[in-house]
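Next input, structure requested:
(chains A, B, C and D)
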There are 4 protein chains.
Amino acid sequence: MTLSVAVSGASGYAGGEILRLLAAHPDVEIRTVTAHSSAGQPLVAHQPHLRSLAHLELQATTPEVLAGHDVVVLALPHGQSAQYTDALADTPLVIDAGADHRLTSPEDWATFYGGDHPEPWAYGVPELTVGGVKQREHLRGATRIAAPGCNASTVALSLAPGVAAGVIDPGDIVSVLAVGPSGAGKAAKTNLLASEILGSANPYAVGGTHRHIPEIRQALVAAGAPADGIRISFTPVLVPMSRGILATSTAPIRGEVTDAEIRAAWEAAYADEPFVELLPAGVFPRTADVLGANIASLGLAIDRGANRVIVVAAVDNLVKGTAGAAVQSMNIALGLDEATALPLNGVAP
Amino acid sequence: MTLSVAVSGASGYAGGEILRLLAAHPDVEIRTVTAHSSAGQPLVAHQPHLRSLAHLELQATTPEVLAGHDVVVLALPHGQSAQYTDALADTPLVIDAGADHRLTSPEDWATFYGGDHPEPWAYGVPELTVGGVKQREHLRGATRIAAPGCNASTVALSLAPGVAAGVIDPGDIVSVLAVGPSGAGKAAKTNLLASEILGSANPYAVGGTHRHIPEIRQALVAAGAPADGIRISFTPVLVPMSRGILATSTAPIRGEVTDAEIRAAWEAAYADEPFVELLPAGVFPRTADVLGANIASLGLAIDRGANRVIVVAAVDNLVKGTAGAAVQSMNIALGLDEATALPLNGVAP
Amino acid sequence: MTLSVAVSGASGYAGGEILRLLAAHPDVEIRTVTAHSSAGQPLVAHQPHLRSLAHLELQATTPEVLAGHDVVVLALPHGQSAQYTDALADTPLVIDAGADHRLTSPEDWATFYGGDHPEPWAYGVPELTVGGVKQREHLRGATRIAAPGCNASTVALSLAPGVAAGVIDPGDIVSVLAVGPSGAGKAAKTNLLASEILGSANPYAVGGTHRHIPEIRQALVAAGAPADGIRISFTPVLVPMSRGILATSTAPIRGEVTDAEIRAAWEAAYADEPFVELLPAGVFPRTADVLGANIASLGLAIDRGANRVIVVAAVDNLVKGTAGAAVQSMNIALGLDEATALPLNGVAP
Amino acid sequence: MTLSVAVSGASGYAGGEILRLLAAHPDVEIRTVTAHSSAGQPLVAHQPHLRSLAHLELQATTPEVLAGHDVVVLALPHGQSAQYTDALADTPLVIDAGADHRLTSPEDWATFYGGDHPEPWAYGVPELTVGGVKQREHLRGATRIAAPGCNASTVALSLAPGVAAGVIDPGDIVSVLAVGPSGAGKAAKTNLLASEILGSANPYAVGGTHRHIPEIRQALVAAGAPADGIRISFTPVLVPMSRGILATSTAPIRGEVTDAEIRAAWEAAYADEPFVELLPAGVFPRTADVLGANIASLGLAIDRGANRVIVVAAVDNLVKGTAGAAVQSMNIALGLDEATALPLNGVAP
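Residues are numbered from 1 along each chain as shown, chains lettered A, B, ... in the order given. Below you'll find the predicted structure:
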């Protein structure tokens, strides 16, 4: 069986990465690629690295063009997916790589995004626990999937096992992330110019304003945290690497748990997960080692002096953070082998 | 009056930066430069950017060579300064850019460095408060000065005003730092190769093992924190920029203080400081804007959702973090204008 | 005497660098700073590294605002300076950091820029030879100065001595330049986004289309090359560093000259130049060593196997390539010490 | 059929990349990995990105360990392969990723490497023409293969078609390359430290001393150039990207050829090549677009003003430059599908 797929936003970074992964997927035919303003141009004019897709031409992103495929991936700015809802009513699987369908709380949506609250879809992080089972189970047979926010899923995967096991306190989480600029997309903005980023570390959204905060909270509540008992200080810092998230997340140790009990929480959560890696004690991940790979690589430290657990996570924001999460979720939803077309090995150095 | 100066470790990064600053100092004659294994070579063979010092030749780092100057700067690996103590007994001012003379606690020294505990010297961060007065006062007339650790002074300057004012709780500090590799020095190590650092974010010393932790604690106790009431989770992350520290430091808000009261603590502490800059509310610093400058640039956020104050600080690790701190302290100790030869403006982009 | 100065384009990269240098100039008062669309904002909102100029507010770039200063610096996109000609008729010194007044040939202007050919002004590279004397002499007392193109002056300084001495053949020059993106300015363009530049080397203007080619030719003719005997293959490559030009320029060895005779040509040309540095044989420059400095640093190789002289030149495009050249020329024109406010030492690493 | 493979130098960059490619090869079992000084350690301790090979342990690089495999890949410093010759006498296929077996000329070996001249092996660039046929034909059934030098093969592929067709003159070639530091290997050297490379462009081997020059000459002679009619000026420049070569190569246009005739030479040479890509006229490659891919991507310009053809080539030095060339040649030698396990698409941005 070959599935026909359409990818919108194909000239951007998220769309391009979805195409890079799907180009190696044996069950998929990439039939349609669309872009807002570049219709009529070859895909490789915008994505010259995707030479195996040199036969594809960009089309306009319209409901008519997107309709009629087995799978549609929307890689659009937030707020834009609703206009395609009707046209895609009969599409067996729609995956939104944007933010529209991630949040279950209308209040959070109103606070962090504004406007009408779109319907929440199945959240595309199979390794998280929701209602006592892995989110993987909720994705089986799903017809509408929300790919996660890259920062949000990185932090959620970092801390959820400890929250679920009750060994860390979600009431005083601090996360600081070194992130590459590709997560901010391909739109030309002065603050994302190479001259501004090269040789510099630039914080943004400091002080609790980042839109991924409610998404982390939602994931940790799903993992077992009390809804009113979560506090997260979240600070992203742009650093001069095109891809990658290096998230340092800490939470207080809860009660009288041993180091072994703490580590066991993460080991148990991810022992059987192909795409979440817990490094040996004393070893911590680098973003280079996940470049291009669908991996969240975690290192765990227990700092008794600070009374905190520290989890350092490395993720390629465009792969496990976005496009890989989308393809992994697609595989699950359609009953394919979950690992199809998802690289384990990174490209380093 | 012209002061004769000798700089040891002149072929390294800290030594080079001290020379870069002193080359513009009107009251100083750089008479002697020494290096461990490059004696007899021109300084510019190792520091080709210091072309105004092209007349200088490196000498061996020996007590005899260093003796007889008005000022000696030791930019050596830790543990090496003691061998010069006797020879420099008559030297009016000795500044150690290394770690040997920073810590007052023998226990901390034993835990984090090991070996005999060298005598603590006057700590070279004039803007910190020690015993109710600015450290500047303690530096006046000092004859032995310990330049600070770059990460330590960055975090200490970030949080000391709030600790001193009692508006934050030092009992649960979390600091995560994006740092450039020049802080690790010029010795050839595989993990510091460009191929390992480019395009990657690499954490190190995770979990409470970094040697700057006791130095931060010492500075916050000096600012008024109870010695047994400080907990610091400290995680540095190497990022691909040669220089710079972007430190994100957070601490819980203490009691019923208003936003204005919190901000006032930092404003009061640094209003008259030429080399510590508090940015307007909502503005946060980038390391590019302090490149080459003797500035700690701070941005302050108050996150009521997380109940934490967040201070983001940008420092050039080689200037305000090391060499600038040394020269600033030297100026104070010798009764010169504190600002002599210390750039305010950064080199950006 | 204090000169009042106005700088237009003060929110951009070239304007910012002119301000960084002038801020340290003892004979100058920066009275007015203007920017196209940011009038009313503080300068430091756009140039946060220029904290010594925090008192300045951006004004609109209008003839009225610019008139009435001793010196006006125009750092504007090409084609925009003409509109200020009348208003600045009485201004003692106008320096254009843009391209408008560099080319003496109307044909070249028509071919590479188009539109009316603006009047050529005194070319701001004092170290080049024009009509048998250093351009420095032509700049004394000048009232209108055209700062050079950064790539053009770098290549011209690299090869002019050999052309003037007749030891290289200007008929088959090849120059390939690794350049940082700041030379392309601060306007938001997709191809200059950090995500596009980081980790990549990107050629542009390949095949003889770059606008600096006629400017190089003009300089080499001034140095003594026959106007119809110059051929230049010129290829710039964007690389991931914010500043810097590393130009590798080669030309065939001409006739039966010895290595010593070849090297002597460059030595003679630059022996007394404070801001052009000829490195010892076998040593070649790096851009890090000129960062922030007003230096063209040259290394010379003679490759008998290829029958070519190779000159590798490192220049900070924003300093010696633009703003430093402007200030150096200003100093000469006004009879000030040529070296005032111009750093010799770079900021490395 | 599954081939047993041993890879020596497995802890280095070239060895690691060979393993990354072979890990996806369906006909290969990576049985043995060796490293000079890390025997007994897990491979992932040195190559944490190769998590699919987490079961492998490094062994000592000895003749006994390497013997007995179907394929042995030597990724060792030059001069070290000879000691394994006897032990591998019965090994069906040996591939040397180092320099030992590339040069056919004892004189060139003596001049550029020194010592005994090792036997030349089949050169691993299938797309070059040797003796009127593609080198691919010479690789079929080969038992000893020399993988190419990354810079050499990039320049050879850039210019060979024009040389073979007689449209360019090999007597005055100029090549300037922007290269990432991973080509220099993983040994700790001060000049390769991140602090030295970040933010800087650093030339090396200027003036005709680089060891890849005779290798280029050899390839162009094989393509049809007269042995005594080749002159190459070759300058590599280290730039701050971990991987990648951006080679700008130019040669004079020969005789009265039209632009179409020139372009036709390259089109004919590479029309059927899966791993050499000629971009459309006016389009030039970036290294980002070949990252991780086994592609040489070429852009061709004809500059009549300079009377030169310019070919800009982008290659990932570790893939098409080394490891991909090795695997591609292995596939051909063993009669496998040439494209097996060789990525076409790059990882960008």
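
any bit of stretch A:159-173 sitting next to chain B?
Yes: applying CB under 8 Å from any CB of the partner chain, one finds stretch A:159-173 in contact with chain B at A:172-173. Using the backbone N, CA and C atoms, a C-beta is placed for each residue, glycine as well.

Close to chain C: what parts of chain A are there?
A:13, A:180-182, A:186-190, A:192-199, A:240-242.

Where helices are concerned, which of those residues count?
The helices, defined by DSSP state H, take in A:13, A:194-197 from these.

out of these, who's near chain B?
A:195-196.

which pair in the ones in helices among the residues of chain A next to chain C spans the largest distance?
A:Tyr13 and A:Ser195 (19.4 Å; CB to CB).

Would you mind naming what in the stretch 101-250 of chain A lies close to chain B?
Neighbours of chain B within the stretch 101-250 of chain A, by CB under 8 Å from any CB: A:172-174, A:176, A:178, A:195-196, A:198-204, A:206-208, A:213, A:231-235, A:237, A:239-244, A:246, A:248, A:250.

change it to 7 Å
A:172, A:174, A:176, A:178, A:195-196, A:199-203, A:206-208, A:231-233, A:235, A:237, A:239-241, A:244, A:246, A:248, A:250 (CB under 7 Å from any CB of the partner chain).

Kindly give a single ChimeraX line that selects the buried subset of those.
The buried residues among these can be selected in ChimeraX (16 or more other CB atoms under 10 Å in any protein chain shown) with this line:
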select /A:172,174,176,178,195,196,199,200,201,202,203,206,207,208,231,232,233,235,237,239,240,241,244,246,248,250
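
Among the residues of the stretch 101-250 of chain A next to chain B, which ones are in helices?
A:195-196.

Let me know the closest of the ones in helices among the residues of chain A next to chain C to B:Leu298.
Closest to B:Leu298, out of all of these and judged by CB to CB, is A:Glu196, at 20.1 Å.

Pipe the ones in helices among the residues of chain A next to chain C into JSON lines and attach pLDDT per row.
What follows is these, written out as JSON lines (pLDDT from 0 to 100):
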{"residue": "A:Tyr13", "pLDDT": "98"}
{"residue": "A:Ala194", "pLDDT": "98"}
{"residue": "A:Ser195", "pLDDT": "98"}
{"residue": "A:Glu196", "pLDDT": "98"}
{"residue": "A:Ile197", "pLDDT": "98"}
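
Now the buried members of the residues of chain A next to chain C.
Among the residues of chain A next to chain C, those classed as buried by neighbour count (16+ other CB under 10 Å) are A:13, A:180-182, A:186, A:192-199, A:240-242.

Skipping adjacent residues, who's closest to A:Ser153 in space?
A:Val125 (4.9 Å; CB to CB, 6 or more residues apart in numbering or on different chains).

how close does A:Val276 get to chain B?
From A:Val276 over to chain B the distance is 18 Å, taken as CB to the nearest CB, to the nearest Å.

Quick check: that residue vs A:Pro148, distance?
13 Å (CB to CB, to the nearest Å).

Those two: who's more crowded?
A:Pro148 (27 against 24; other CB atoms under 10 Å in any protein chain shown).

correct me, but that one touches A:Ala326?
No: look at A:Pro148 against A:Ala326 with CB atoms under 7 Å: they stay out of range, at 9.0 Å.

tell me the helices in the stretch 1-150 of chain A, going along the chain?
Taking DSSP state H, counting those that start in this stretch as the test, the helices found in the stretch 1-150 of chain A are A:13-22, A:43-46, A:63-66, A:106-112, A:135-139, A:150-165.

Fine by me, we can end here.
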